[in-house]
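**Student:** kindly return the folded structure for what I paste below:
(one chain, ligands or ions: 1)
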Amino acid sequence: MPSKNFTFDNIPDLSGKVALVTGANAGIGYITARELARKKAHVFVCARNIEKGQSVVATIKAETGNELIEFLQLDLLSLKNIKEAADKFMARGLGLHMLINNAGIMATPFSLSADGIEAQFATNHIGHFYLTQLLLPALEKSAPSRIVVVSSLAHRALAPGKGIDFENINTNKLSIWARYGQSKLANVLFANELDRRVKDKNIYVNSLHPGVVKSNLMQGPKLSWGRWMAVYTAIQNFFSLSTEDGALTQLYVATSPDIENDNLRGQHFMPIGKLGTMSAKAMDKILAKELWDYSERIIKEKVGE
Ligand SMILES: NC(=O)c1ccc[n+]([C@@H]2O[C@H](COP(=O)([O-])OP(=O)(O)OC[C@H]3O[C@@H](n4cnc5c(N)ncnc54)[C@H](OP(=O)(O)O)[C@@H]3O)[C@@H](O)[C@H]2O)c1
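**Tutor:** The predicted structure follows:
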């Protein structure tokens, strides 16, 4: 169990702040939304499933007494749906102080999104890339604001040798784990490149590894590998962080005054609430620019923007 540099009690008062959390109906995203709500933030709970999302909104309201919790339907596997969600949010004219790009899937069997993009890359990277672009004006308006990109240690260990295998992103040539590592490396490359681009706008962009956490994320490998993975999961769960502890690092990056006081931007954080290191590939500025251009191109091709 890593030592804690941050606890829920350290989250400052967030009255008047607006936060949007993707994948907030389960796992560490749910805990993140709940604890932001407890400290009085106006929280948008994003989930793809309407029933699950609405039920989580009701639970968070009941648990925290904060009525400023809203559901925003968001399916990262559809660029059209992402645009609709962002338009709905932007139409409110509220501004945005914290965007937490948390939703993710891991090692799922090969499949393509509604737009023909490999599902892990679409959910973990492209969907969040597009969402962030669409929400940037609100983050700019609310500056100093923060963008928190939830990556993984897998960005270091599991990505293909090239880092991002552009030719094979939407093919079945990479293993389920290489596709996950690639998407999580894309998270860190995106955070770093975005930070370089918005530095002057007083927006802080950072990425993180939350720790190995007991959550629904193992559904992917179970779907891919069946019951053997179920046995592995049971063993791994024994050594994993609770979702409460797993959410602490992103809560630290989203809310701690350290971020602005110490000008922590374009950094990678580790559990629990500590400054960490990223892989050499993640620091590659040329690769980051190449990924940025690829992501813009693919979105333009699919939605004409
Ligand atoms: N758990 C770990 O050990 C670990 C380690 C390193 C990094 N992470 C990262 O932490 C983040 C959160 O994972 P978790 O452990 O909390 O897993 P989780 O319990 O499986 O939660 C993932 C969340 O993402 C949502 N999601 C998946 N696909 C989506 C889509 N197409 N559109 C919108 N939302 C979608 C899920 O919604 P549904 O309920 O509808 O599926 C769920 O709310 C992920 O980015 C993951 O890569 C986790």
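**Student:** the ligand contacts on the protein?
**Tutor:** Neighbours of the ligand within the chain, by Cβ under 6 Å from any ligand atom: 22-23, 25-29, 47-49, 52, 74-77, 102-106, 123, 150, 152, 209-210, 212-213, 215-217. All C-beta spots, glycine's among them, are computed from the backbone N, C-alpha and C.
**Student:** try 5 Å
**Tutor:** Remark: the part of the chain in contact with the ligand comprises 23, 25-28, 48-49, 75-77, 103-105, 123, 150, 152, 212-213, 215-217, using Cβ under 5 Å from any ligand atom.
**Student:** report the buried members of these.
**Tutor:** Neighbour-count burial (16 or more other Cβ atoms under 10 Å) applied to the residues of the chain next to the ligand gives 23, 25-28, 48, 75-77, 103-105, 123, 150, 152, 212-213, 215, 217.
**Student:** just these: which are in strands?
**Tutor:** Of these, the ones assigned to strands by DSSP state E are Val150.
**Student:** which parts of the stretch 201-305 of the chain are strands?
**Tutor:** Taking DSSP state E, counting those that start in this stretch as the test, the strands found in the stretch 201-305 of the chain are 203-208, 268-270, 274-275.
**Student:** between the two ends of stretch 114-132, how far is it?
**Tutor:** One end of stretch 114-132 to the other measures 19 Å (Cα to Cα, to the nearest Å).
**Student:** can you check stretch 205-220 too?
**Tutor:** The separation between the terminal residues of stretch 205-220, taken as Cα to Cα, is 28 Å.
**Student:** now swap in stretch 207-218 and tell me
**Tutor:** Looking at stretch 207-218, the gap from its leading to its trailing residue is 21 Å under the measure Cα to Cα.
**Student:** now it: mean pLDDT?
**Tutor:** Taken as a whole, stretch 207-218 has a mean pLDDT of 95.
**Student:** go on, stretch 151-170?
**Tutor:** When pLDDT is averaged over stretch 151-170, the result is 96.
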